[in-house]
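> everything below, folded, please.
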Amino acid sequence: MSPDSRRHDIDALRFLVFSLLIFYHTALLYLQGSDFHMHSSYATDSLNMALVFTNRWRMEIVFIVSGVSCAMMSRPSRGAFLWRRVKRLLLPLLFGMAIIIPIQPYCEGVSKGLVEPGYGQFLLHYFGGYAWPAGAFSGWQYGFTWNHLWYLVYLLLYTVVLVALQPLLDRIKPVFQRLRGWRLLVLPTLPTLAVMALLRMRYPETHAVVHDWYAHGIYFTMFLYGWWLGNDKGLWTELARLRWHTLVLGLCAFAAYMFFDKIHSEHLLTWASLGSWPMRNLYMWLAICTILGWSHTLLNQPFTWLPWARQAVFPWYILHQSAIILLAYWLVPLKLGPVLEPLLILTGTVMVCWLGTSLLISKVWWLRPCFGLPAQPNRRLVADRALPVN
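Numbers count the residues shown, from 1 in each chain. Predicted coordinates:
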């Protein structure tokens with residue numbers, strides 16, 4: 001993508017939505033009853049409302065932005081485009097699973113008392129096909145885990161499907177791009193509502209690729225919406241025009257969703273379920289439309305921090321969850337209090353990501369591709385090229 005064709009709002013939004021993951025995953029340490037890999041003794045359910053508010057759209061908008069970025073990339077042929085994506089995403093995935101991720105199952109397993117302390121011995125078992133005790137860590141059944149890097153796996157898979165089906169998807173694209181007004185705000189929720197009704201109960205989200213049909217249905221649909229959005233100026237103009245409407249309607253949809261969600265049974269098809277599911281999907285899409293409309297209005301300018309953000313976003317994504325879990329592993333037993341503990345974990349995570357990227361990753365030529373950066377730390381290249389988390 002040339003500097004003149006950059007979409008500054010997409011670059012800024014990409015950095016902001018991935019930065020949200022640091023706050024979200026830190027908050028999961030303190031959510032009572034969460035299935036996160038570590039837990040604090042100061043866990044509470046008071047965070048539930050805020051986390052539900054963001055969780056209903058946070059990964060969906062990541063895949064929207066990913067699809068938009070794919071559509072905006074110049075690609076001489078489908079094969080060349082796919083090869084570029086594989087080269088850019090596969091190495092960080094493999095490197096992350098081998099070097100960055102293993103600290104997470106180690107800390108999780110030791111904190112549960114199901115893994116013996118000693119990281120060296122753990123690694124020998126981890127890479128040696130050792131059979132772990134049930135529930136030792138997320139992915140214990142397989143002997144390994146990719147934890148938060150599941151996004152890269154799914155993005156690679158969706159890119160392959162996109163390339164394979166592109167002629168068909170090109171013919172459908174005009175239907176989506178002609179949406180305006182209320183149709184743009186309502187009709188895109190129907191496919192995700194159908195996915196929820198047909199697949200959610202039968203295939204709960206696992207991030208294990210196989211049999212994760214509900215997650216695939218939602219995330220691939222969002223990825224496809226983003227790809228259809230692409231460079232279509234009419235849709236972006238419409239999203240910007242509707243941004244106040246989507247903000248108000250989105251908040252109303254969230255309130256209705258929470259009302260139904262409090263009284264419906266997840267496993268029974270009741271009148272409350274029939275209210276909760278449409279409101280959940282409507283809120284998700286209205287929230288995404290609101291974020292896209294406001295970001296296009298406010299963020300589409302060449303901020304001085306954007307070149308740095310484009311280089312930082314992928315390394316920060318790879319590093320952040322391992323930093324959170326390792327810091328929690330060290331700090332939670334100290335019982336420093338419900339204010340100091342999360343503050344230290346959050347600040348420490350940002351510092352690990354910042355210093356790790358600035359002082360090490362960006363400086364070492366062979367590390368750069370392992371974190372999704374061009375091999376040569378060329379200043380102009382850093383300023384002009386997009387990162388591959390898209």
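
> below-threshold pLDDT in the stretch 151-300 of the chain: ranges please.
By pLDDT under 70, the low-scoring segments of the stretch 151-300 of the chain are 264-273.

> now do the same contact list for Thr297.
Ala240, Arg243 (CB atoms under 8 Å, 6 or more residues apart in numbering). (C-beta placed from N, C-alpha, C; glycine too.)

> how about the spatially most central residue of the chain: what's its closest non-neighbour residue?
Central residue of the chain (CA atoms, centre = their mean): Met59, 4.2 Å from the mean position. Using CB to CB, 6 or more residues apart in numbering and skipping the chain neighbours, the partner closest in space to Met59 is Tyr219 (6.8 Å).

> coming back round to it: and the residue nearest to the centre of the chain, what element?
Counting by DSSP states H and E, the element that carries Met59 is helix 58-72.

> packing partners for that helix?
Where contact means 3 or more CB pairs under 8 Å, 6 or more residues apart in numbering; DSSP states H and E, helix 58-72 is packed against helix 8-28, helix 150-177, helix 213-229, helix 271-298.

> now that helix against helix 150-177, angle please.
70 degrees (axes from the mean of the first three to the mean of the last three CA atoms, to 10 degrees).

> centre of the chain versus helix 58-72, how much separation?
Relative to the centre of its chain, helix 58-72 is centred 10 Å away, using CA atoms, centre = their mean, to the nearest Å.

> tell me how many other residues surround the residue nearest to Leu155 when sequence neighbours are not counted.
In space, and not counting its chain neighbours, Leu155 is closest to Ser66: 5.9 Å by CB to CB, 6+ apart. Using other CB atoms under 10 Å, Ser66 has 24 other residues around it.

> tally of neighbours for Met97?
Count around Met97 with other CB under 10 Å applied: 17.

> quick one: it from His207, how far?
According to CB to CB, to the nearest Å, Met97 stands 13 Å off from His207.

> mutual contacts of these two, please.
Shared contacts of Met97 and His207, counting by CB under 8 Å, 6+ apart, come down to Trp146.

> would you check that the residue nearest to Leu155 makes contact with Leu229?
No - between Ser66 and Leu229 there is no contact under CB atoms under 8 Å: 11.3 Å.

> contact partners for the residue nearest to Thr206 when sequence neighbours are not counted?
Spatially, and ignoring its direct neighbours in sequence, Thr206 is nearest to Asp212 (5.0 Å; CB to CB, 6+ apart). Asp212 makes contact with Tyr203, Glu205, Thr206 under the criterion CB under 8 Å, 6+ apart.

> pLDDT at the residue nearest to the centre of the chain, what is it?
Note on Met59: pLDDT of 97.

> surely it touches Glu205?
No - if you go by CB under 8 Å, Met59 and Glu205 don't touch, sitting 9.7 Å apart.

> shared neighbours of those two, which are they?
Contact criterion CB under 8 Å, 6+ apart; residues shared by Met59 and Glu205: none found.

> any buried residues in stretch 352-372, and which?
Going by neighbour count (16 or more other CB atoms under 10 Å), the buried part of stretch 352-372 is Val352, Cys353, Gly356, Thr357, Ile361, Ser362, Leu367, Arg368, Cys370, Phe371, Gly372.

> once you drop chain neighbours, what's closest to the second one?
Put plainly, it is Cys353. In space, Cys353 is closest to Trp316, 4.3 Å off (CB to CB, 6+ apart).

> chain center to the helix or strand hosting the one you found: distance?
Per DSSP H and E, Trp316 falls inside helix 306-331. Its chain's C-alpha centre and that of helix 306-331 lie 13 Å apart, by CA atoms, centre = their mean.

> cool, stretch 238-257 as well?
On CA atoms, centre = their mean, the centre of stretch 238-257 falls 22 Å from the chain's centre.

> which residues touch it?
For stretch 238-257, with CB under 8 Å, 6+ apart as the criterion, the contacting residues are 53, 56, 180-181, 184-185, 275-276, 279-280, 282-283, 286-287, 289-290, 292-294, 296-297.

> stretch 100-115 now?
Applying CB under 8 Å, 6+ apart, the set of residues contacting stretch 100-115 is 37-38, 116-117, 119, 122-123, 126, 132-133, 135-140, 144-147, 149, 318-319, 321-322, 325-326, 328-329, 332.

> mind giving me the ChimeraX select for the residues you listed, buried ones only?
Selection command for ChimeraX covering only the buried members of the contacts of stretch 100-115, criterion 16+ other CB under 10 Å:
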select :37,38,122,126,132,136,137,138,139,140,144,145,146,147,149,318,319,321,322,325,326,328,329,332
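
> now for Thr246, how many residues are close by?
24.

> hmm, I typed the wrong one, I wanted Tyr214.
The local packing of Tyr214 (other CB under 10 Å) involves 19 other residues.

> so who does it touch?
Applying CB under 8 Å, 6+ apart, we find Tyr214 in contact with Val195, Met196, Leu199, Arg200, Arg202, Tyr203, Pro204, Glu205.

> redo those residues as JSON lines? Include distance to Val161 and secondary structure.
Formatted as JSON lines, the contacts of Tyr214 follow (distance: CB to CB, whole Å; DSSP: H, G, I helix; E, B strand; the rest coil):
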{"residue": "Val195", "distance to Val161": "15", "secondary structure": "helix"}
{"residue": "Met196", "distance to Val161": "20", "secondary structure": "helix"}
{"residue": "Leu199", "distance to Val161": "17", "secondary structure": "helix"}
{"residue": "Arg200", "distance to Val161": "21", "secondary structure": "coil"}
{"residue": "Arg202", "distance to Val161": "21", "secondary structure": "coil"}
{"residue": "Tyr203", "distance to Val161": "18", "secondary structure": "coil"}
{"residue": "Pro204", "distance to Val161": "22", "secondary structure": "coil"}
{"residue": "Glu205", "distance to Val161": "19", "secondary structure": "coil"}
